[in-house]
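Asker: got a predicted structure plus its sequence, pasted below:
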Amino acid sequence: MTTRPEFRARYWIESSTPLAKAAEVIAGEQSSGTFLKLASETDVLKERSRARVVAVEPQGEAATPSLHSAHEERRGAAGPYHQGEIEIAFPIANVGPHLGTLLATIAGNLFELGEVTGCRLLDLHLPEDYARQFAGPRFGVAGTREHAGVSGRPIIGTIIKPSIGLTPEETAALVDTLCEAGLDFIKDDELICDPPYAPFEARLAAVMPVIERHADRLGRKVMYAINISGTPDEMRRRQDQVAEAGGTCVMACVNWVGFSGVQDLRAHAELPIHGHRNGWGMLTRHPALGFAFTAYQKLWRLAGIDQLHVNGIRNKFWEPDDSVVASARACLRPEPGLAPIMPVFSSGQWAGQAPDTYAALRSTDLMYLAGGGIIGHPDGAAAGVASLREAWEAAALGESLEAYARTRPALRAALDFFGGRA
Ligand SMILES: O=C(O)[C@H](O)COP(=O)(O)O
Ligand SMILES: [Mg+2]
């Protein structure tokens, strides 16, 4: 029985090698072992540094491998391919409070091991005192609400659409309409950051005075998550410009600016960080490869984001509703040493999904963003905002949208227009 401090990672794996042995191969490769036994991997070194397999739970077998492996072909491996979950305990001393090394340990070469024909990181358990050594979310749910000035209901927002092509002045005019209509949150699309036709600085300079003007009237400042994705230097500089201009949020495409980029931003930033996870499908869509969201969101929490996208009910992407809801719950679950973060529902959302979202989550701690679902409303963006507000009122009251729409033309028009498209 070891007394060394450890963290644990849980995986789904597949291998023609019996699961317990495949798990040992992974534990060895991801710590002090390699493809053959080294005399220098002494018992003392192993006790200090080698990862331990702490659970092997077989789930079944497949006749054909999920992923191709030339290594398996060379050694003439045939099925069956054993599938199941395994858990590995790693010494904390192997890693320290370094996110890059943590990733290399739990999500590095193991995805490439020849014996492995399927590997998915499901979850991660860090002791509280270890998790606390990472920055973690500075604002999370509570701080996001405070900066947006919204309590007791979801933060309702939109994505500037068309995503690409509006000039700074056109963007500011749309923001004016949206603020006038009482929206809580506006974000850039992930596709726009600093293009020649709408440079970052020009966009910020055009939009922020509009937001400031409406703040006086609304008694709260509409949160604008302007996309600051870039190099660490660029992000730091842009964060400062946003704060200087009175902004209350910044957005980063987390997969592309990377963990160090977000960590650097978190160390520097005074504002909540909105995490856009575009590219995530590549990391999760194949069930035998990549990451489950439970693990993914914990890693981004360690890096220090405050809001993270989870798609939405009946979204425009591939993801089923139960997976979306599980992701949102994962964001809201307190983790040892890490505050909950805001789940961001976005992707093909409009008024119609509000009641089902509320029924599934039983919480209003969420951001509910509709780009096309607000800006594409048949009576214009202001009616789009009204329809979302009304839909969430109906959801909270437990009233059907049909009944609530009887005296509310914006919601009625949304139901007719978007409902008819489903
Ligand atoms: O960046 C996003 O979240 C998407 O562009 C959502 O856009 P939509 O609401 O029009 O689907
Ligand atoms: Mg988008």
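Answerer: Ah, there it is. Ligands and ions are numbered 1, 2, ... in the order given.

Asker: quick check: residues of this protein near ligand 2?
Answerer: 189, 190 (CB under 5 Å from the ion). C-betas here are computed from N, CA, C, even on glycine.

Asker: show me what from the chain comes close to ligand 1.
Answerer: 159, 161, 189-190, 316, 346-349, 369-373 (CB under 6 Å from any ligand atom).

Asker: at 8 Å what do you get?
Answerer: Residues of the chain lying close to ligand 1 by CB under 8 Å from any ligand atom are 158-159, 161, 163, 187, 189-190, 276, 278, 309, 315-316, 344, 346-350, 369-376.

Asker: so how far is ligand 2 from the residue lying closest to residue 152 once chain neighbours are set aside?
Answerer: Closest residue to residue 152 apart from its sequence neighbours, by CB to CB, 6 or more residues apart in numbering: residue 364 at 6.7 Å. To ligand 2, residue 364 is 23 Å away according to CB to the ion, to the nearest Å.

Asker: same thing with residue 155?
Answerer: Distance from residue 155 to ligand 2, by CB to the ion: 17 Å.

Asker: for that residue, name its beta-bridge partners.
Answerer: residue 367 (DSSP bridges).

Asker: for it, give me its contacts.
Answerer: Taking CB atoms under 8 Å, 6 or more residues apart in numbering, we find residue 155 in contact with 144, 145, 148, 184, 185, 223, 342, 366, 367, 368.

Asker: okay, now the domains of the chain?
Answerer: 6-131, 140-419 (automatic domain parsing).

Asker: any chance of these in CSV, plus mean pLDDT?
Answerer: Formatted as CSV, the domains of the chain follow (pLDDT from 0 to 100):
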stretch, mean pLDDT
domain 6-131, 96
domain 140-419, 98
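
Asker: most tightly surrounded among those?
Answerer: domain 140-419 (a mean of 20; mean count of other CB atoms under 10 Å).

Asker: which of the contacts of residue 155 sits closest to residue 386?
Answerer: Using CB to CB, residue 184 comes nearest to residue 386 of the contacts of residue 155, at 13.2 Å.

Asker: dihedrals phi and psi, the residue nearest to residue 152?
Answerer: phi -110, psi 10 (degrees, to the nearest 10).

Asker: and residue 226, by the same measure?
Answerer: Residue torsions, per degrees, to the nearest 10, at residue 226 are phi -80, psi 140.

Asker: quick check: bridge partners of it?
Answerer: On the basis of DSSP bridges, residue 226 is bridged to residue 250.

Asker: go on, residue 338?
Answerer: What pairs with residue 338, by the bridge criterion (DSSP bridges), is residue 335.

Asker: turn the contacts of residue 155 into a markdown table, including distance to residue 405.
Answerer: Shown next, in a markdown table, are these (distance: CB to CB, whole Å):
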| residue | distance to residue 405 |
| --- | --- |
| 144 | 30 |
| 145 | 28 |
| 148 | 27 |
| 184 | 22 |
| 185 | 24 |
| 223 | 28 |
| 342 | 28 |
| 366 | 22 |
| 367 | 24 |
| 368 | 18 |
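
Asker: the nearest residue to residue 319 once chain neighbours are set aside: what's it in contact with?
Answerer: In this structure, residue 319 finds its nearest non-sequential neighbour in residue 311, 4.9 Å apart by CB to CB, 6+ apart. The neighbours of residue 311, taking CB under 8 Å, 6+ apart as the test, are 317, 319, 324, 327, 345, 346, 347.

Asker: hey, where'd the helices end up in the stretch 1-150 of the chain?
Answerer: 19-29, 43-49, 70-74, 99-106, 128-131, 140-148 (DSSP state H, counting those that start in this stretch).

Asker: in space, what's closest to residue 345 - neighbours in sequence excluded?
Answerer: Nearest to residue 345 is residue 312, by CB to CB, 6+ apart, at 4.0 Å.

Asker: from residue 370, how far out is the one you found?
Answerer: Residue 312 sits 9 Å away from residue 370, taking CB to CB, to the nearest Å as the criterion.

Asker: contacting residues around stretch 38-51?
Answerer: So stretch 38-51 is contacted by 2, 4, 27-28, 30-33, 88-91, 93-94 (CB under 8 Å, 6+ apart).

Asker: let's go with 10 Å and repeat that
Answerer: 2, 4, 6, 8-9, 23-24, 26-34, 52, 88-91, 93-94, 105-106 (CB atoms under 10 Å, 6 or more residues apart in numbering).

Asker: can you put the helices of the stretch 1-150 of the chain in TSV and add distance to residue 253?
Answerer: Formatted as TSV, these follow (distance: least, CB to CB, whole Å):
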stretch	distance to residue 253
helix 19-29	30
helix 43-49	36
helix 70-74	33
helix 99-106	17
helix 128-131	25
helix 140-148	19
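
Asker: residue 261: which element?
Answerer: Per DSSP states H and E: residue 261 is located in helix 254-268.

Asker: which helices and strands does that helix pack with?
Answerer: On a contact count with 3 or more CB pairs under 10 Å, 6 or more residues apart in numbering; DSSP states H and E, helix 254-268 meets helix 99-106, helix 232-244, strand 249-253, strand 273-276, helix 280-284, helix 293-303.

Asker: give me the residue from this protein nearest ligand 2.
Answerer: residue 189 (4.3 Å; CB to the ion).
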